[in-house]
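Q: How does the following fold in three dimensions:
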Amino acid sequence: MPHVGGQKYKILNEYQILMNESDEQHQINAIEMTRRLEARGISAERKTVYKDMATLMEAGVDVVKGDKGYYIGSRVFELAELKLLVDAVGASKFISQKKTKELVEKITTLASMDEATQLTRQVVVPEKRSTGNEKIFYSIDVIYQCLDNNKKMSFKYQDWTLTKEMKPRHGGKIYVVSPAFLLRNDENYYLVAYDDDSQQIRHYRVDKIISAEMLEEERSGDKQRGALNPHEYAKQHISMFAGDERVVTIRFDKRLIGVVLDKFGADIDIRAEGEDLVRARISVAVSPQLYGWLTGIGATICFPEEEERKFKDYIKAIIDK
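A: Coordinates of the predicted model:
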C-alpha cells in the first residue's frame with residue numbers, strides 16, 4: 001500500500017474511534033472503520049484494519065470482536081460510576097455553578113458518545129448560590145504543593161458581611177499555616193492545618209481562602225499533625241466548628257440510635273437506660289454547633305455535670321430570646 005498522509009497515526013485514530021463511538025450496542029466493522037478513517041483524511045483497507053485490531057488487543061486494549069464488528073469492552077469508568085461522579089460534583093456546595101458545568105462536561109468525555117448522551121440526559125445540575133471565590137481549585141493546588149514539598153502556606157481568609165459580600169477577615173490578615181490534609185465535611189471542603197500563631201490545629205473552609213501561596217519555610221507542628229486522624233477529626237468537629245475536645249455522655253431516645261451511630265461511628269460506647277432511652281459516650285469538640293445538633297434530635301448532655309449545665313444554659317438563653 002503506498003504511503004499516504006496520516007498512516008503513521010492510523011492506529012491511534014482507530015483507537016480514538018473505538019473509545020468515543022463504540023460499545024456493545026454500537027459495534028464498528030472493518031468497512032465502517034475505513035469510512036470513518038477516510039472522513040478523517042486517512043486511507044485504509046479492511047485487511048489493515050483487522051491487523052490493527054489484533055495489535056490493539058495484543059497491547060492490552062479491551063477490544064472485543066462481536067458478531068457485528070469491534071467495540072471497547074470496558075472503560076476506566078462504567079456509566080453508573082460516571083453518574084455517581086457527576087452527582088457528587090453537582091451536590092458539592094463549594095464548587096460554583098460555572099465550574100460544575102465544566103466538570104460535568106469533562107466527565108462525560110470519559111464515556112462513549114452514546115453513553116455520554118445518556119449521561120447528559122440524566123444529569124440534573126442543581127442551581128447553586130453564587131460564590132465569591134472562583135479560584136478554589138487554585139487554592140487546592142497550592143495546598144497539595146505544600147503537602148508534596150513539606151512547605152508552609154499563607155492566605156487571606158474571607159467572611160460574609162451584612163451587605164452579603166465576602167470580605168477578608170481581620171482587615172486582610174495573612175494567615176500562615178502548615179497544611180495537614182484536606183477534608184470534606186457537611187458538604188464543604190476544609191483545610192486542616194497547624195496554625196503558627198495559636199500553635200494549635202485549626203481548620204479553614206477552602207472556598208473562603210484567597211491569595212494562597214506556598215512559602216519557602218518548611219512545615220512546623222510535626223507532632224500535632226502526626227497525631228491527627230482525618231476520620232476522627234471529622235466526627236469530633238460537628239459542622240467543622242471549633243471547640244474544646246471532651247468526652248461527654250449524651251442521652252437520647254432509643255429510636256435515634258441509628259442517627260447517633262451515623263454521626264459518631266459504631267465504635268462509641270452505648271448502653272440502654274430503661275426501655276426507651278440510650279446513653280452514649282462520645283469524644284467531641286464541645287461548641288454551640290454541637291448543642292444545636294443535640295437539640296435538633298432531642299438529645300441532652302448528662303455527664304459531666306459542668307457540660308450538662310452549659311447545655312441547659314444554652315437552651316435557656318434561646319428560650320429567653
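
Q: Okay, buried residues for stretch 165-178 please.
A: Neighbour-count burial for stretch 165-178, with 16 or more other Cβ atoms under 10 Å as criterion, is recorded at 168, 175, 176, 177, 178. From N, CA and C alone the C-beta is placed, and that goes for glycine too.

Q: Which parts of the stretch 151-300 of the chain are helices?
A: Listed in chain order, the helices of the stretch 151-300 of the chain (DSSP state H, counting those that start in this stretch) span 222-226, 230-236, 257-264, 288-297.

Q: Nearest to residue 95, out of those helices?
A: helix 230-236 (19.3 Å; Cβ to Cβ).

Q: Would you mind listing the buried residues in that closest one?
A: When neighbours are counted by 16+ other Cβ under 10 Å, the buried residues of helix 230-236 are found to be 233, 234, 235, 236.

Q: Among the residues you listed, which one lies nearest to residue 227?
A: Within the buried residues of helix 230-236, the smallest distance to residue 227 is 10.2 Å, found for residue 233 (Cβ to Cβ).

Q: That closest one reaches residue 192, doesn't it?
A: Yes: A contact is recorded between residue 233 and residue 192 when judged using Cβ atoms under 8 Å, the distance being 6.2 Å.

Q: intersection of neighbour lists for these two?
A: Residues within reach of residue 233 and of residue 192 at once, by Cβ atoms under 8 Å, 6 or more residues apart in numbering, are 183, 203.

Q: Beyond the host helix or strand of residue 34, next helix or strand please.
A: In this assignment (DSSP states H and E), residue 34 forms part of helix 30-39. For helix 30-39, the succeeding helix or strand toward the C-terminus, using DSSP H and E, is helix 46-58.

Q: any idea of the angle that following helix forms with helix 30-39?
A: Relative orientation of helix 46-58 and helix 30-39, computed by axes from the mean of the first three to the mean of the last three Cα atoms, to 10 degrees: 100 degrees.

Q: buried stuff in helix 46-58?
A: Residues 48, 49, 52, 53, 56 are the ones in helix 46-58 that count as buried (16+ other Cβ under 10 Å).

Q: got the CA positions of the helix holding residue 34 in CSV?
A: What follows is helix 30-39, C-alpha atoms only, in CSV (Å, rounded to 0.1, in the frame of the first residue of the first chain):
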residue,chain,number,x,y,z
ALA,A,30,-13.8,-3.1,9.2
ILE,A,31,-15.7,-1.5,6.3
GLU,A,32,-17.3,1.1,8.6
MET,A,33,-13.9,1.8,10.2
THR,A,34,-12.3,2.5,6.8
ARG,A,35,-15.1,5.0,6.1
ARG,A,36,-14.6,6.8,9.5
LEU,A,37,-10.9,6.9,8.9
GLU,A,38,-11.4,8.4,5.4
ALA,A,39,-13.6,11.0,7.0
